[in-house]
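Participant: Let me see the structure of the following:
(one chain, ligands or ions: 2)
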Amino acid sequence: MNIFGVLACDRLNGTYLRNGPGQWNIEDYNFRHLFDGYATIVRLHFDNGRLLFGHRQIESEAYKAAMKHKRLCFREFSEAPKPDSFLAYVGELASLFSGASLTDNANTGVVKLGDGRVVCLTETIKGSIQIDPDTLDTIGKFEYTDNLGGLIHSAHPIVTDSEFLTLLPDLVRPGYTVVRMAAGSNERKVIGRVNCRGGPAPGWVHSFPVTEHYVVVPEMPLRYCAQNLLKAEPTPLYKFEWHPDSGGYVHVMCRASGKIVASVEVPPYVTFHFINAYEEQDEDGRVTAIIADCCEHNADTTILEKLRLQNLRSFAGHDVLPDARVGRFRIPLDGSPVGELEAALDPDEHGKGMDMSSINPAYLGKKYRYAYACGAQRPCNFPNTLTKIDLVKRKAKNWHNEGAVPSEPFFVARPGATEEDDGVVISIVSAANGEGYALVLDGSTFEEIARAKFPYGLPYGLHGCWVPKKAS
Ligand SMILES: CC1=C(/C=C/C(C)=C/C=C/C(C)=C/C=C/C=C(C)/C=C/C=O)C(C)(C)CCC1
Ligand SMILES: [Fe+2]
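Facilitator: Numbering: from 1, shown residues only. Ligands and ions are numbered 1, 2, ... in the order given. Take a look at the predicted model:
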C-alpha cells in the first residue's frame with residue numbers, strides 16, 4: 001500500500017528501508033518469540049517534504065511454504081516444524097537433521113551493497129534475499145558463488161561502498177572465518193580464521209565491529225549449541241547456551257594479513273549489537289589499543305526470555321526490562337592477555353536500557369563521539385525511548401512519548417555535512433493507541449523535526465538502511 005503524506009522535512013531525499021519480523025502467526029497458530037516472525041519490510045520514501053509509505057512481506061521459501069501448507073515448514077528462531085510438516089515439504093529424513101530444515105526467513109536486517117543491490121538478511125546464510133527497494137518485490141535468493149559452505153553468519157555484515165565483511169562461525173572446529181566480498185561480486189574470500197579460546201562452541205556473533213585496519217571478533221560465553229539447533233522444543237536459551245566458565249574473549253584480526261594481533265580475555269559479557277570501534281593512538285600516532293563499544297546486557301542472558309511475545313504483550317506496569325549499558329572494551333595491542341570492559345557512561349543517563357544502535361556511517365571504524373539507540377524510561381518491558389549518546393561528555397539526550405515504542409533510530413547524514421551529528425535520525429514509532437508514525441529528529445539537537453502518521457499501525461521492526469536518491 002502506498003500513501004502520500006506531507007512531512008515538514010524537505011532536507012531528506014531518499015528511501016529508508018526497515019526490516020523485521022512482522023508476522024507472528026500462521027492462521028491460528030501463534031509464534032513464541034519476537035525473532036520468529038516472518039520478515040516484513042517497510043519503505044519510507046522521502047521526496048522533497050513528501051513521504052511515500054509502503055510495506056510487504058518478504059517471500060522467503062519459509063514464508064511461502066507456511067502460507068501454502070498453512071503450517072510451519074522450517075526451523076525459525078524458537079519454532080521447529082513437526083517432522084511430518086518438513087518431510088511433507090522436502091521429503092527426506094536426513095534434511096531434518098541438516099541445514100535444509102533451517103529457515104531462510106530474512107527477518108533481521110537490510111543492507112544496500114556497494115553496487116546498489118539491496119539484500120535482506122538473517123543469521124542463516126540461505127536467508128540472504130535480494131529485494132527491489134522501489135517496489136519491495138522479492139527478487140530472489142542472493143547466491144554466494146564461493147564454496148565456503150556453512151549454515152550461519154553474522155546478521156550484521158559491515159557494508160560499505162567497496163565491500164561486505166562478515167563472520168562465519170564454525171561449529172565443528174570452534175572458531176570464526178572472517179570473509180570479504182567486494183562490491184559487485186557474489187564471491188566471499190577468506191581474510192583469516194580465529195580459533196575459539198573457550199568452548200564447547202563459538203560464541204553467538206549477531207554483530208561485530210571493525211576499525212580502519214582491524215576486524216574485531218567477539219567470543220562471548222553465550223555460545224551456539226548444535227544439539228539445541230536440532231531440538232524440536234525450545235530450550236531456555238533457544239539455540240544457545242551460557243558458559244560463563246568458558247570465559248569471554250575478544251580477538252583482533254588484521255584486515256590486510258588475516259593475522260591475529262590480539263586475543264584477550266575480558267569479563268563475561270552479553271551483546272547482540274556492537275556500536276562502533278576505533279584505534280586508540282599514543283601521542284606519537286602509534287596504535288596502542290582497540291576501543292570497541294557495544295550494547296551490553298550486564299552479562300545477563302534474560303533479555304532473550306523477555307523478548308518472548310507473551311512477555312511483550314502482557315505489560316502490567318511493572319518494570320521488567322533487564323538493565324543494559326554502553327559496554328566499552330579496551331583491547332591492548334601490546335601482547336597483554338587481558339582487556340577491559342566498562343560502561344562508557346552512567347547507564348542512568350539512558351534509563352539503563354540500551355540496544356538497537358546506529359552511528360553516522362562516515363565514522364565507521366573511526367574515533368567517534370555520538371551514538372543513537374533505544375533506551376528506557378522505566379517502568380517498562382521494552383526499550384521505549386530514543387537516546388542520543390555523547391561519548392565525550394558521557395551524557396545522553398532522550399526522546400520519549402508516553403506509551404510509544406520507537407524502533408532503531410537510524411542516522412542519515414546531511415549531504416555535505418562536516419559535523420558528526422549534522423543530519424537526521426529516523427525512527428518508526430508504534431503509538432500507545434496502536435497507530436504508527438514515522439518520526440524524524442534533528443541529529444544535533446535531538447528535537448523532533450517532523451512526523452507522518454501512517455494509515456494503519458505497523459508491527460515492531462528491527463534494522464534499516466538508507467538508499468540515497470539517485471542523482472538525476
Ligand atoms: C533462524 C535461525 C537462527 C536465527 C537467529 C535470529 C533470527 C536471530 C535474530 C537476532 C536478533 C534480531 C537479535 C536482536 C536483539 C535485540 C535485542 C537484544 C534488543 C534488546 C532490547 O532491549 C539461529 C538462532 C542462528 C539458528 C539457526 C536458525
Ligand atoms: Fe540485530
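
Participant: Helix or strand next in line after the lowest-mean-pLDDT helix or strand in the chain, which one?
Facilitator: Every helix and strand of the chain was ranked by mean pLDDT, DSSP states H and E. The lowest is strand 3-6, at a mean of 54. Per DSSP states H and E, the first helix or strand lying C-terminal to strand 3-6 is strand 14-23.

Participant: send the alpha carbons of stretch 333-343 over as CSV?
Facilitator: Provided in CSV are the C-alpha atoms of stretch 333-343 (Å, rounded to 0.1, in the frame of the first residue of the first chain):
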residue,chain,number,x,y,z
LEU,A,333,47.8,-4.3,21.4
ASP,A,334,51.0,-4.8,23.5
GLY,A,335,50.5,-8.5,24.0
SER,A,336,48.7,-8.2,27.3
PRO,A,337,46.4,-11.3,27.9
VAL,A,338,43.5,-9.3,29.3
GLY,A,339,41.3,-6.5,28.1
GLU,A,340,38.9,-4.2,29.9
LEU,A,341,35.2,-3.8,29.8
GLU,A,342,33.5,-0.9,31.4
ALA,A,343,30.4,1.3,31.0
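
Participant: tell me the contacts of whichever residue of the stretch 1-150 of the chain sits closest to ligand 1?
Facilitator: Nearest residue of the stretch 1-150 of the chain to ligand 1, counting by C-beta to the nearest ligand atom: residue 123, 3.5 Å away. For the C-beta atoms, the positions are set from N, CA and C on the backbone; glycine is no exception. Residues near residue 123 by C-beta atoms under 8 Å, 6 or more residues apart in numbering: 108, 152-155, 206.

Participant: wait, is residue 245 part of a helix?
Facilitator: Yes - the assignment for residue 245 (DSSP: H, G, I helix; E, B strand; the rest coil) places it in a helix.

Participant: What about the residue of the stretch 351-472 of the chain found nearest ligand 1, how many residues nearby?
Facilitator: Nearest residue of the stretch 351-472 of the chain to ligand 1, counting by C-beta to the nearest ligand atom: residue 355, 3.7 Å away. Neighbour count of residue 355, defined by other C-beta atoms under 10 Å: 21.

Participant: Return the set of buried residues in the helix or strand containing residue 227.
Facilitator: Under the criterion of DSSP H and E, residue 227 resides in helix 226-230. Judged by neighbour count (16 or more other C-beta atoms under 10 Å), helix 226-230 contains these buried residues: 228-229.

Participant: list the helices and strands that helix packs on?
Facilitator: Under the contact definition 3 or more C-beta pairs under 8 Å, 6 or more residues apart in numbering; DSSP states H and E, helix 226-230 sits against no other helix or strand.

Participant: Next secondary structure after that helix?
Facilitator: strand 240-242.

Participant: Give me the residues contacting the next helix or strand after that next one.
Facilitator: Proceeding N to C from strand 240-242, the next assigned helix or strand is strand 248-254, under DSSP H and E. Here strand 248-254 makes contact (C-beta under 8 Å, 6+ apart) with 176, 178, 191-192, 194, 196-198, 203, 213-221, 259-269, 290, 292, 299, 329, 331, 333, 339.

Participant: Could you export strand 248-254 as PDB, CA atoms only?
Facilitator: Written as PDB, here are the backbone C-alpha positions of strand 248-254 (Å, rounded to 0.1, in the frame of the first residue of the first chain):
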ATOM      1  CA  GLY A 248      34.700 -14.200  27.400                       C
ATOM      2  CA  TYR A 249      37.300 -13.100  24.800                       C
ATOM      3  CA  VAL A 250      37.800 -10.500  22.100                       C
ATOM      4  CA  HIS A 251      40.200 -11.200  19.100                       C
ATOM      5  CA  VAL A 252      41.600  -8.700  16.700                       C
ATOM      6  CA  MET A 253      42.500  -9.600  13.200                       C
ATOM      7  CA  CYS A 254      44.500  -7.500  10.800                       C
END
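
Participant: Following element in sequence after that strand, please.
Facilitator: By DSSP H and E, the next helix or strand past strand 248-254 is strand 260-266.

Participant: all helices for this structure, in order.
Facilitator: Under the criterion DSSP state H, helices of the chain are mapped to 61-69, 83-90, 93-96, 226-230, 302-306, 309-312.

Participant: Just name the most buried of the ones you listed.
Facilitator: helix 61-69 (a mean of 19; mean count of other C-beta atoms under 10 Å).

Participant: any bit of that helix sitting next to ligand 1?
Facilitator: No - figure legend: helix 61-69 not in contact with ligand 1 (C-beta under 6 Å from any ligand atom); closest approach 8.9 Å.

Participant: what does the stretch 251-400 of the chain have sitting close to ligand 1?
Facilitator: 272, 303, 353, 355, 383.

Participant: can we see that at 5 Å?
Facilitator: By C-beta under 5 Å from any ligand atom, the residues of the stretch 251-400 of the chain that approach ligand 1 are 272, 355, 383.

Participant: number of nearby residues for the closest residue to the last one other than its chain neighbours?
Facilitator: Closest residue to residue 383 in three dimensions, ignoring its sequence neighbours and counting by C-beta to C-beta, 6 or more residues apart in numbering: residue 374, at 3.6 Å. As a burial measure, residue 374 scores 25 neighbours (other C-beta under 10 Å).
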